[in-house]
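Asker: Need coordinates for the following:
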Amino acid sequence: MRLSSDEYFIELTKIVAKRSPCLSRQVGCVLVDKNNIVLSTGYNGPPRGQEHCLKCIRKNTNNIHLCRAIHAEQNALLFCPDINKINKAYVTYSPCNTCTKLLLNTSCKEIIYIEDYRENEFIFNQYNLNSIIVRKYDK
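Answerer: Predicted coordinates for the structure are as follows:
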């Protein structure tokens, strides 16, 4: 049976996440246009040219700011040829505060995520999300 567009992009997002060298969490992002054409993909990991982490320096702490990884959404946006064509963002985890702001600053109309990350209720409530749909993927 043929996959729906959501199913297809969710599965693609999971595959993209498998490229992540992160020891803590593998995250993937797929950005698509209004015609369901993939514009860009991204996964979390250290900046280009930097060595992969051999141990997680923030493990067992709340010092998220110590992490060297660029988020999947950030990488996808960095390599997107035209952020004004983004219609949907598919991500394995709900975006953090910074990634939510970045996506809101594009033409993105919908964010679809698989798993809840931290504080997503607070993050989504602090912005006027009338112009964008944020939803957890439900098979």
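Asker: ok, and the helix or strand in the protein with the lowest average confidence?
Answerer: Among the helices and strands of the chain, helix 120-125 carries the lowest confidence by mean pLDDT, DSSP states H and E, at a mean of 73.
Asker: could I get the helix or strand following that helix in CSV with only the CA atoms?
Answerer: Next helix or strand after helix 120-125 toward the C-terminus (DSSP states H and E): strand 133-136. Listed in CSV are the C-alpha atoms of strand 133-136, where the atom choice follows Å, rounded to 0.1, in the frame of the first residue of the first chain:
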residue,chain,number,x,y,z
ILE,A,133,0.3,24.5,12.7
VAL,A,134,2.4,22.4,15.1
ARG,A,135,1.4,18.8,15.6
LYS,A,136,2.6,15.5,16.9
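Asker: Now do the strands in this protein.
Answerer: Counting by DSSP state E, one finds strands in the chain at the ranges 28-32, 38-43, 88-93, 110-115, 133-136.
Asker: Against Glu7, how distant is the residue lying farthest from the centre of the chain?
Answerer: Distance to the chain centre peaks in the chain at Met1, reaching 27.4 Å (criterion: C-alpha atoms, centre = their mean). Separation of Met1 from Glu7 (C-beta to C-beta, to the nearest Å): 10 Å. The C-beta positions use only the backbone N, C-alpha and C, and glycine is treated the same way.
Asker: roughly how far is the least confident helix or strand of the chain from the heart of the chain?
Answerer: When C-alpha coordinates are averaged (C-alpha atoms, centre = their mean, to the nearest Å), helix 120-125 and its chain have centres 15 Å apart.
Asker: The chain should start at 400 in everything you say after this.
Answerer: All right, first residue 400 from here; so that's helix 519-524.
Asker: Can you spell out which helices and strands pack onto it?
Answerer: Contact here means 3 or more C-beta pairs under 8 Å, 6 or more residues apart in numbering; DSSP states H and E; on that basis helix 519-524 packs against helix 496-503.
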